[in-house]
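[1] here is my input, please return the structure:
(chains A, B, C and D)
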Number of protein chains: 2
Amino acid sequence: MPTLEEIAKLSGVSRSTVSRVINNDPHVSDPTYKKVMAVVREFNYQPNIAARSLASGHTRVLGLVIPTGVSKLFTDPYFQILIQGVSSACNAHDYSVMLWLAEPEYERRMIKKILNNGLVDGVVVSSMVVDDVIVEALVESELPFMLIGRHPTVTDVNYVDVDNVASAKEIVTHLLRLGYTRVATITGPLNAISGVDRYEGYIEALSSRGIKIDTGLIVEGDFSEEGGYYAMRRLLSQSPQAVFVASDPMAMGAMRALHEAGLSIPEDVALVGFDDIPASARSNPPLTTIRQPVHMLGSVAVKTLIDLIEHPVADLHHIILPTQLVIRESCGVDLIS
Amino acid sequence: MPTLEEIAKLSGVSRSTVSRVINNDPHVSDPTYKKVMAVVREFNYQPNIAARSLASGHTRVLGLVIPTGVSKLFTDPYFQILIQGVSSACNAHDYSVMLWLAEPEYERRMIKKILNNGLVDGVVVSSMVVDDVIVEALVESELPFMLIGRHPTVTDVNYVDVDNVASAKEIVTHLLRLGYTRVATITGPLNAISGVDRYEGYIEALSSRGIKIDTGLIVEGDFSEEGGYYAMRRLLSQSPQAVFVASDPMAMGAMRALHEAGLSIPEDVALVGFDDIPASARSNPPLTTIRQPVHMLGSVAVKTLIDLIEHPVADLHHIILPTQLVIRESCGVDLIS
DNA sequence: CCCGCGATTGGGAGCGCTCCCAAAACCTCG
DNA sequence: CGAGGTTTTGGGAGCGCTCCCAATCGCGGG
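    Residues are numbered from 1 along each chain as shown, chains lettered A, B, ... in the order given. Got it, this is the predicted structure:
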C-alpha cells in the first residue's frame, strides 16, 4: 500500500499536489492532474482513512444505531429494510456505515463509545422506546444525528418519520366506512412512540365518528408475531367485527390465532395491519395495511444527516414521509352499500 | 474532548504513562494507575480512534460484507440473525462492525474500498455466490478474513459453515424412512454453494437407497418465498409424495402454493425445509426442517477472525458447526410401521 | 521589458496516539 | 553502602494525511 508521499515522488510533484488531486481540489492544472491520476491508478492508491481522519477531523462514516434491546423485534423485516435503505444511501454518497445493535447490557458503555470515539461523523438512530437514554446523550454530545421516528419528549432534534397517528386513523376510518362498528385494536407496545401514535389514531378515528371507546376491545401487543397471536386470542371472547393490528407481523400472528379458532377473515373478523411487510401481500387472505416507506426513511435520514454534516445549519429538520393505504382482502368489502 | 497529552498534564505524568494506563499495560505502578484513571474518568476521556489507528496500525473494527446482489434475498431472516450474531460477538470483544451490503453496481469499487482503506482489521464475508469476485480479491490482499459458508473453488481460506450436504441428506433420508418414495426437491439457486450442496445431499440420500433420480422432480428455486411458490406450482403436475425444499422461506412459498391448490400437508404432499427460521415453527402445519445455528455462524466467524488478527497463525480454519433435524408436522408420520 | 496578479505548486506544522529506547527510581543482596 | 538488576517513567520519532501560507510560474498591460 503506497502512501501519499510515495505517489508524490513517483509522479514528480509534491505531497500537497497529490492531496489536491485525490480530493478534487480545483487548483490543479490539467496536465498535473492527469499525471498524478495515472500514478494513482497504476499503484491502486487508496488514501489511509485513519490518517485522513486524524488530519481532517472527519471520517465519512455514519453510525446506525438500532437499540433493539428486544432481539425478538429485530426479526421484524422493518429493520432489515431500514438497514438496506441506510446502507444504500451511504454507498451512494461514498460514506460507510458502522452498525451498532445496542444490546441492553452494553448500552451505557456503548453510547459513550459511539459518541466519543471519533469514529463517525454522525449517527442515525432508529429510536423506538420512550425512555431512550441515547437521545439525551446524543443531544449533549455535539455529534450530528438524525432520528428515525420522532422522540416522545425531546422535540428539538432532527427526525424523519411517518405520520403514525394520521395513518392509523385513516385505516381505522376505512374499516368504519366499510360498516364495521365493533372495531378492536391490538396496539404496539405502549412504551414505543409508534405504538402510542397508532393507538392514538385508532382512538381518533372512532371518536370522530362518535363511537365510544370500549376498553375491552383494546389489547396491548409488542409488535411481534407471537404478541399478535396471544393478543388476538384474548380478543376472541369479545367477538370484534374488525381488528386494527398495529403492525403487520402482529397481524400475521392474529391471523394464525383466527385460523386456529376456525374463524375466517374477513367474513367472521376483518383484519387490517400497519407496515406492509413483504409477507402481507401473500398472507391468507392478503392483508389490508398501511404501507410505510421504510427504505426511504433510512435513505432520507442518511441524506439529511450528510447534508447536516457537510453544511451545518441551525434549523431543525422534521421530515414526514407519506404512507399509503393498501387495500387487499383481509378487510372485507363494503357492508353498507 | 480532552487529548492524551492533556490527561497527562492533568495527572502529572507523561503521555506514555497515560497511554500505558488506558491500554492496560502492566508496567505501571498501582498508585500511578489509580491517579491517572481518576483523571480519565473525571474528564470522560476516550482515546481518539483515528489517531490510535494511525499510530498502531489497527482499528478494532471488523467489516461484515454481505454480497446480496439480490435485495430480495436480504429479506431472508437468515441475514438478520447473522448480523446479530456478528454484532454481538463484536460487542463482546470490544470491536465495532462496519456493514457493507454489496450492491452489485458498486461491487468493484466497493471491494477496493473495503480492502484498502485501512478502516478494518479484518472482514467477515457471507459468501453465497459461486463466482464471487470478492474472495479472490481478499486472498490477494493481506487482510485477515473469514468466510461464512465455504467457497466452491478456493479452499485454502478460512471459513465456518454447516455441512449442507450431510444435513440435506439427513432430512431427505428421514422422508424416505417415513415411506415416501416419490420425493421431489426445490433446490436453491445452483450458483450458490449452499444451493448446490443441499441438492447434492438430496441426490445422495436417494442414491444410497437405490432410488433413481427423476429429473422431473427437481426444480430450481432461488431461496425466496416467491421462488418456492412458483417452483411448487411447477412441481404440482408431477404429483410428488414429498418435497425437500432447500430453504424455509421457499418452503413457506411452497406451502402457499399447496394450500392454493387445495392440497393438504402432509396428507397429500409432505414438505420439509432447511434453515429453521422463526416462522417455520408457526406455519400451518409447522415445518419439519434442519436447524442451522445461524447466530453462531456469525459469532464463531467473528471470534475466529479476532483470534486470527490478534494471534496470526498460518494454519487454516475450516469450522463446521452442527445442524439439527427438527421434526414437526409437515413431514407426516411413519407410513410403513 | 518590467510589474502585478491570478493560477499552481511546495513545504512546514500539526492531528493524537503508539512504540521504542533511554533515563530515573527503586530493590535486593553481598 | 554501592553494584547490579528490575521496575517505572519520560520523551523523541513517527504513523499518513490535511491545511495554511509562502514561493513560483505564466502572462497581459503599461
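
[2] residues contacting A:Val154?
    A:Val135, A:Glu136, A:Val139 (CB atoms under 8 Å, 6 or more residues apart in numbering or on different chains). Using the backbone N, CA and C atoms, a C-beta is placed for each residue, glycine as well.

[3] closest to B:His174 out of those residues?
    A:Val135 (50.7 Å; CB to CB).

[4] where does the closest one land on pLDDT?
    Looking at A:Val135, its pLDDT stands at 84.

[5] go on, A:Leu73?
    For A:Leu73, the model assigns a pLDDT of 61.

[6] re earlier: most neighbours, which of the contacts of A:Val154?
    Among those, the one with the most neighbours (other CB atoms under 10 Å in any protein chain shown) is A:Val135, at 21 neighbours.

[7] and A:Thr185, what element?
    For A:Thr185, the element it lies in under DSSP states H and E is strand A:183-187.

[8] can you show me the CA trace of that strand as CSV?
    In CSV, the C-alpha atoms belonging to strand A:183-187 read as follows (Å, rounded to 0.1, in the frame of the first residue of the first chain):
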residue,chain,number,x,y,z
VAL,A,183,-63.6,-2.4,15.9
ALA,A,184,-60.9,-3.7,18.2
THR,A,185,-57.2,-2.9,18.2
ILE,A,186,-54.1,-4.8,19.1
THR,A,187,-51.7,-2.0,19.9
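
[9] which elements pack onto that strand?
    Judged by 3 or more CB pairs under 8 Å, 6 or more residues apart in numbering or on different chains; DSSP states H and E, strand A:183-187 is in contact with helix A:164-177, helix A:193-208, strand A:218-220, helix A:225-236, strand A:242-245.

[10] can you pull the contacts of A:Pro2?
    A:Leu10, A:Phe43, A:Tyr45.

[11] rerun that using 10 Å as the cut-off
    A:Ala8, A:Lys9, A:Leu10, A:Val39, A:Val40, A:Glu42, A:Phe43, A:Asn44, A:Tyr45, A:Gln46 (CB atoms under 10 Å, 6 or more residues apart in numbering or on different chains).

[12] got phi/psi on it?
    phi -70, psi 160 (degrees, to the nearest 10).

[13] starting at the chain centroid, how far to stretch A:292-306?
    Relative to the centre of its chain, stretch A:292-306 is centred 8 Å away, using CA atoms, centre = their mean, to the nearest Å.

[14] what pLDDT, on average, does it get?
    96.

[15] do stretch A:198-206 as well
    Mean pLDDT, stretch A:198-206: 97.

[16] one step back: so can I have JSON lines of the contacts of A:Pro2 showing secondary structure, pLDDT and distance to A:Ala231?
    Putting these into JSON lines (DSSP: H, G, I helix; E, B strand; the rest coil; pLDDT from 0 to 100; distance: CB to CB, whole Å) gives the following:
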{"residue": "A:Ala8", "secondary structure": "helix", "pLDDT": "92", "distance to A:Ala231": "66"}
{"residue": "A:Lys9", "secondary structure": "helix", "pLDDT": "92", "distance to A:Ala231": "69"}
{"residue": "A:Leu10", "secondary structure": "helix", "pLDDT": "92", "distance to A:Ala231": "68"}
{"residue": "A:Val39", "secondary structure": "helix", "pLDDT": "93", "distance to A:Ala231": "65"}
{"residue": "A:Val40", "secondary structure": "helix", "pLDDT": "93", "distance to A:Ala231": "60"}
{"residue": "A:Glu42", "secondary structure": "helix", "pLDDT": "93", "distance to A:Ala231": "64"}
{"residue": "A:Phe43", "secondary structure": "coil", "pLDDT": "92", "distance to A:Ala231": "62"}
{"residue": "A:Asn44", "secondary structure": "coil", "pLDDT": "89", "distance to A:Ala231": "57"}
{"residue": "A:Tyr45", "secondary structure": "coil", "pLDDT": "91", "distance to A:Ala231": "58"}
{"residue": "A:Gln46", "secondary structure": "coil", "pLDDT": "90", "distance to A:Ala231": "53"}
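
[17] give me the buried subset of those.
    Buried members of the contacts of A:Pro2, scored by 16 or more other CB atoms under 10 Å in any protein chain shown, are A:Ala8, A:Leu10, A:Val39, A:Val40, A:Tyr45, A:Gln46.

[18] near DNA strand D, which residues of the stretch 1-150 of chain A show up?
    A:3-5, A:15-16, A:19, A:22-23, A:47-48, A:51-52, A:54-56 (CB under 7 Å from any atom of the strand).

[19] any idea how far the helix or strand hosting A:Val135 is from the chain center?
    Here A:Val135, judged by DSSP H and E, is contained in helix A:133-140. What separates the centre of helix A:133-140 from the centre of its chain is 18 Å, taken as CA atoms, centre = their mean.

[20] give me the contact list for it.
    By CB under 10 Å, 6+ apart, helix A:133-140 touches A:65, A:67, A:100, A:102, A:107-108, A:110-112, A:114-116, A:122-123, A:125, A:127, A:129, A:132, A:143-145, A:147, A:151-154, A:156-157, A:159.

[21] give me that answer again for 8 Å
    A:65, A:67, A:102, A:107-108, A:111-112, A:114-115, A:123, A:125, A:127, A:145, A:147, A:151, A:154, A:157.

[22] within the sheet, what are the partner strands of the helix or strand following it, with directions?
    Using DSSP H and E, the helix or strand that follows helix A:133-140 in sequence is strand A:145-148. When sheet partners are counted by DSSP bridges, strand A:145-148 sits next to strand A:122-126 (parallel), strand A:159-162 (parallel).
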